Structures are given as structure tokens and as C-alpha cells.
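can't give you the sequence, but here's the structure:
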């Protein structure tokens, strides 16, 4: 959305810069959406009209008419009513600018075809589809009391929503899990139907096991098998949502109560009108927690928080004269390079040969790393000391420092892809491998660790330079908090191609340098975890109005904070984002942001 706003403002002649204002984010508690009203079948309607109007009626499948029946069911033959499963089968989103087409077929059938934009599965997972993806289905038609009615496919039918209606029916919400050691919540973004059933849908999602891509990286305090003891989560007039759970020893385990409450609180207070959560166990009443009221409205009262994303204030500028320390937040459209004030704890930047590229620096600026132009050597600098790491791999990616204090890098070794970490507090010690069997047969292009160090974004490809992928996987750690493996991959950024670089902007947002399709310009894209790129979801806009401006010959990117703080490097210069354009940083070939 920030990209869209930037494009619109740039086209309206409004000044290109202003104070940064936070827009609405995933999970914001906003007013309920307008009710959608559709009409029942018109007398004498043709098979084509019935099919078209039924698809439209699906938009209001949660609404009932004057007879208290769901309007969409009135379009169906009696034997098809139970085959319409809007909440149990996939939802397909289609482009409003390429309307639904209906083709009459023999034997009283019609074929419906659309240009699909995305799908949402029964677990709320959103997946964007390549451009010009065609989807079709066949409806049978039969006459009931002289009027045409629809016979759905034997395997059932979910929803088809156009891009104009999609945001009225669905919205993204965070389901939360626990990083126990730090008492922080880690979000997973899914899409749910907006309406009176939303609190119950979110609660059921929270009760489910940790998703595969986070398994081993985060925890849930909700024991397996726990269910809602009643059909719905009730929200009273004061905004308290009451969750009543089935009884089991694990459910009432005192060590689970606070984290379980924190998960439900963070997830359910995204619902408009919900300000607090009460948890009960069937047959026992409210779960008692020492020093807490029956209903809790603050995560801090439970001792939990959502990990903040703090804008980086440590950075380096690289030029022909060498390295200069700077505060990345002070870089502006003027192209000036304000120097950071001296610090007794951080030495002056070392002199680094031009043969080392794609530099990275730790969050405190105490260490710097770079790879050789041959991509076969990693060098590190700390204080006045320099260390060239003994050979351990080839085709090395850009190095990056994570908030866990480790230096991360990937490459090839022993004939296959590898991911390694190094201790960022000392130059001694060799690489520690992080296993990821799902990368076998591929090559890592670049990687980036999330701000809370729980997930890794991985760009990869086949060795023949095809099948580029962008995946996010949880970081599985041992009891000493050492990263040991990656969980299963969760694909992101479809249908982008030719990924070059990736960086996290906050806990649920990333930016990638990629192409929208083969032959298109290389440019940065904002990718929201579980929400895709959203290029075609805004059906009323042309594609170029939703894109960040391209930058020829871009090779890497980072961010000073958020999508407005994007920084892109080319072989000749470094550029900072200025409105929806790029401003060259004077005399700088590279901008290095601490901890990215």
C-alpha cells in the first residue's frame, strides 16, 4: 500500500518528501466493513444470467435475505446446496478488468472462465498466480418449477471473487506464536472472511498446530487437541472476547497460561470491537493467573511483547576515499553524507580493498564483512584486526549480520548448496553449517534473517539459472540458541522471477530485487509475508501504478527502515528512495546499513 500511495502522490504534483507517517498495518483494529447486499434469482432468468448472478451472490454468502436464508443458495438446485462450500474450499480471486465469461454448452451446461489473480486455501494461505492464468469450471443447469437452477460440480465449489469485491470479503490477520526464550510473539499472516464469524475463525486458527514453515523455530502454548468447547467466541458489549476451551491437563497447566493468553490476546484484538480476552475451560470456568484480572487487554501484563523493528542508526558509506561511518537515517534527497559522531567503542573504519564487495556491518558497527569479487573468499574486519576466512565455499552470497549476533552467508560446497553462520563477536572460529535439505540440487542467490532472528528469507535457483524461488523458513535452534537447521519452506513473492537480493523491512514485510516477468525491468518489490506482492489485486489500477520505480543495473538492496527507506546499489553508485524516484548518494558507491 505504501508503494501505491507513493505512485499516486508522485502523479498528482504533491511534494516528493514529507514527514514519515505510519499507515494502517496488518492487524489494525478498524471499523466493520459495509454490508454487501445481492438479489435473489430474477424470474425467467437465462442459464447464463443465473450462473453470472450466482458468482456475484457468493460475495454475500455470509448474509441472509428477508427469509433468513443465504441468498446464494436460492440459485442452486436442491442437490447442490451442500456442494457449495465457501468456507471449506478454495477461493479464487479474478481480475475485475477481465470479466467473467460464460459459454453455453450442450446438455444444459455452461462453462465459466476467468483470469485468476490469486487463490486462498481452506487454511487462509494466499497465493498469487502468474499473469494471464485462466481458470474455468462447468455448471449444469436444470429447471425447478419452471425456473433454471444450477447444478454444481460433484467435487463442490467454493468462491470466485473479483478484485473489486475481494477486500470487502477477506482481510489479512496475524496468528501468533511464541518465542519462549525472549517472551516475544512471532506472527504468521493468513486471510480470513470479514464478518460476525471472524473471532471464531481466528480462535480456531490459533488452536491449530504451528505451521510447517515455523515448526521448531517457535512454540505454541496451546496443547495439541485443544478445541473450542462451544461453537463460537462470544464478544460482549464491553469488547471482551470469551474463549471457552475443552478441558485437559495440558490446557490448565499453569506454565502455559500466560503465553496461551498472550497468543489469543494478540490474535483476537485485531477484530474490530475486541479490546480484551477472557479464557475459560469447560467445566472449570475462567483460567486463574496470578495478579491478572479475568479479562486481559495488554500483552505487557502477561510479560510478552511483539518484537519491535528499530530503524538502523549505524551505517557506512563507501567511496573512492574509503569508508565513512554515518547514520543511515540522516541520508537525504540532497545526496549529502552526514558523518556519524565519533565513538570510543567503535574504531575508525578499516581500509578495505576494492576487491571485496557487498560489505555488511554488524548492528553496533563493530565488525565488517565482505566477499571477494570471485565469490570464493570471505574477509572480516574487527577493530584494527583483519581475518581472511580459510576457503569454505564458492558462489558465496552477500554476507549479512543478524540480531542474534551472527554473520550469515550461503554458497556451494561439496557439490551442493550450504548455509553457514559465524560468531559475530570474534574473528576466531570457523563456519557453522545450518542444514536445509529442501535446498538440495539448488543454489542460494541471497538470504536475509528477519529482525527477530526467527526466520530466514532465501532466494534460490537451479544451477542452470532457471526456476528462481523466494522462500521463508523458520530457523531451528538447539538448547544453546545456535541455529542448526531450517524448517520447511513457505514460498513468497509469486509470480516474480529472476530474484537478485532480499531484505526484511519489519517482522512481516520484505523487499526483493526481482523482475515482474521475464524480460521486464529489474526493480524492488515490497513483499508482505502471506500476502504476496499484490500487483494485480488492485484491479482498478494499471500495473505501473503499483510498482516501485525501476533502477537500471541494480545489483543489491537494503533498507534504512521500511519501504520508504529502501537503498539500492548499482555498479557505479548508491541510491536512496525519494518519493517514488531515486536520489543518487553523492560520491558513494555503496551504502551499508548495520544489521542487514
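Perfect, I can see it now. Being a predicted model, the structure only gives us computed values, none of them experimental.

going forward, measure contacts and count neighbours with C-alpha atoms only.
OK.

Which neighbouring elements make contact with the lengthiest strand in the chain?
The residue-count maximum for a strand in the chain (DSSP state E) belongs to strand 126-144. On a contact count with 3 or more C-alpha pairs under 8 Å, 6 or more residues apart in numbering; DSSP states H and E, strand 126-144 meets strand 109-120, strand 147-151.

May I see these arranged in JSON lines, with mean neighbour count as well?
Compiled in JSON lines, the helices and strands packed on strand 126-144 are given as follows (neighbours: other C-alpha atoms under 10 Å):
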{"stretch": "strand 109-120", "mean neighbour count": "21"}
{"stretch": "strand 147-151", "mean neighbour count": "23"}
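
quick one, which of those is nearest to residue 255?
strand 109-120 (35.4 Å; C-alpha to C-alpha).

tilt between the longest strand of the chain and strand 109-120?
Using axes from the mean of the first three to the mean of the last three C-alpha atoms, to 10 degrees, the inter-axis angle of strand 126-144 relative to strand 109-120 is 150 degrees.

what residues go with each domain of this structure?
Following automatic domain parsing, one gets these domains for the chain: 31-169, 196-306, 315-593.

Now the ones you listed in JSON lines, please, with extra columns for distance to residue 190 and mean pLDDT.
Output for the domains of the chain, formatted as JSON lines (distance: least, C-alpha to C-alpha, whole Å; pLDDT from 0 to 100):
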{"stretch": "domain 31-169", "distance to residue 190": "5", "mean pLDDT": "89"}
{"stretch": "domain 196-306", "distance to residue 190": "9", "mean pLDDT": "91"}
{"stretch": "domain 315-593", "distance to residue 190": "6", "mean pLDDT": "90"}
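
Could I get these in JSON lines, plus columns for distance to residue 178?
What follows is these, written out as JSON lines (distance: least, C-alpha to C-alpha, whole Å):
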{"stretch": "domain 31-169", "distance to residue 178": "20"}
{"stretch": "domain 196-306", "distance to residue 178": "5"}
{"stretch": "domain 315-593", "distance to residue 178": "10"}
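
Which among these is found nearest to residue 175?
domain 196-306 (5.6 Å).

Now the terminal residues of that closest one, how far apart.
27 Å (C-alpha to C-alpha, to the nearest Å).

of all the domains of the chain, which lies closest to residue 189?
With respect to residue 189, and counting by C-alpha to C-alpha, the nearest of these is domain 315-593 at 5.2 Å.

ok now that closest one, how far from the chain's centre?
17 Å (C-alpha atoms, centre = their mean, to the nearest Å).

and if you look at stretch 104-115?
With C-alpha atoms, centre = their mean, you get 36 Å for stretch 104-115.

That one: end-to-end distance?
18 Å.

quick thing: my sequence starts at 294, can you match it?
Fine by me, first position is 294 from now on; the one you just mentioned is stretch 397-408.

So what touches it?
By C-alpha atoms under 8 Å, 6 or more residues apart in numbering, the residues outside stretch 397-408 that reach it are 340-341, 344, 387-388, 391-396, 425-435.

how about a cut-off of 10 Å?
Outside of stretch 397-408, the residues within contact range by C-alpha atoms under 10 Å, 6 or more residues apart in numbering are 340-341, 344-345, 348, 385-396, 422, 424-436, 441, 443-444, 453, 455.

Show me what counts as buried in stretch 845-856.
Judged by neighbour count (16 or more other C-alpha atoms under 10 Å), stretch 845-856 contains these buried residues: 847-856.

thinking residue 880 is in contact with residue 610, fair?
Yes: under the criterion of C-alpha atoms under 10 Å, residue 880 makes contact with residue 610 at 9.0 Å.

Give the pairing partners of the longest strand of the chain; include direction for each.
strand 402-413 (antiparallel), strand 440-444 (antiparallel) (DSSP bridges).
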